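*Asks:* when you get a sec, could you give me coordinates for this:
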Amino acid sequence: MQFRQQALAKLQSPEELDLPVRLARPQGWLALGVTLVVMAAASVWAVTGSVASTVGAPAVLTHGQGSYLLQSPVSGQVTAVLARQGERLPAAAPVLKVRTGKGDVVVRTVAAGRVTTLAATIGQIIQTGTDVAAVEKVAHASDPLYATVYVPAENAAAIPAHASVDLTVSSVPAERYGVLRGRVKSVDRTAQSARSIAAFLGDSQLGEQFTRKDRPVAVLVELDTSSSTRSGYRWSTAGGPPFRLDSMTLATASVRLADQHPVDWLLP
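*Replies:* Next up is the predicted model:
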């Protein structure tokens, strides 16, 4: 009964046509304005913005020309080791003496460099083609180090020239001294086999390790130098480690890939 009386009173009252009609509350207009601004900003970012991404890969600190495996040209017994590990030798320098059925043969270096590994010992019986030493091709002690990074082949095309690279060096505590800085110098577009990696690094085990999942691509990284650090290279911290770096030190690299526009992957 009460609702009926209210309805009759509404019908009998004149229409309030002179009063403004409220379409929305101020809070609603504010929410709508914020939504429009966010949508406009997202549209502009999708067209002009970019998304940075990186790829992680194993790396080795080396000199630019790499290393080589010295193999015995003959079969026989090793009677003398004429070189020392870590010694820098010229080309054709004696490394081993091997006794064969036709007399003694001296195994010599192929190119100048530093002996990083001696795999033969006195009294050992070796065959033709046996790896007896690994020699790093370095002419002077002051020759700069590079990082050789073995990136998955599917990421090679996305690596731009001079891309920045961060290297976590295995012998340097990253939580204390940070990461080593560098930039991409060149990208080898040919996938590397275990044999080609072993030939360049002078280490067959690393060749097998880096190709365990797939054949990678070799990326040569030039390390940023610094005269204010003990190592001679630039780090993410001010001083870096209080010691110099050695070649054939393992590292993990984070290589920045080419920036991608969001519209490229937002659209189907």
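*Asks:* mind checking which helix or strand of this structure has the lowest mean pLDDT?
*Replies:* The helix or strand of the chain with the poorest confidence is helix 262-266; it has a mean of 50 (mean pLDDT, DSSP states H and E).
*Asks:* my guess is Val74 contacts Leu96. True?
*Replies:* No - using C-beta atoms under 8 Å, Val74 is not in contact with Leu96, being 10.2 Å away. From N, CA and C alone the C-beta is placed, and that goes for glycine too.
*Asks:* return every residue with contacts to both of these two.
*Replies:* Val107 (C-beta atoms under 8 Å, 6 or more residues apart in numbering).
*Asks:* so for the two, which sits in the more crowded spot?
*Replies:* Leu96 (26 against 17; other C-beta atoms under 10 Å).
*Asks:* longest strand of this protein?
*Replies:* Longest strand in the chain, counting residues (DSSP state E): strand 180-191.
*Asks:* packing partners of that strand?
*Replies:* strand 145-152, strand 164-169, strand 216-223 (3 or more C-beta pairs under 8 Å, 6 or more residues apart in numbering; DSSP states H and E).
*Asks:* in its sheet, which strands sit next to the shortest one, and in what direction?
*Replies:* Same thing as strand 164-169. Here strand 164-169 has these sheet partners by DSSP bridges: strand 180-191 (antiparallel), strand 249-256 (antiparallel).
*Asks:* who touches that strand?
*Replies:* Here strand 164-169 makes contact (C-beta under 8 Å, 6+ apart) with 59, 61, 147, 149, 174, 179-184, 221, 223, 236, 245, 249-256.
*Asks:* quick one: distance of that strand to the chain centre.
*Replies:* With C-alpha atoms, centre = their mean, to the nearest Å as the basis, strand 164-169 stands 6 Å off its chain's centre.
*Asks:* can you give me the buried ones in it?
*Replies:* Val165, Asp166, Leu167, Thr168, Val169 (16 or more other C-beta atoms under 10 Å).
*Asks:* ok, so of the residues you listed, who is nearest Ala191?
*Replies:* Nearest to Ala191 out of the buried residues of strand 164-169 is Val165 (C-beta to C-beta; 20.0 Å).
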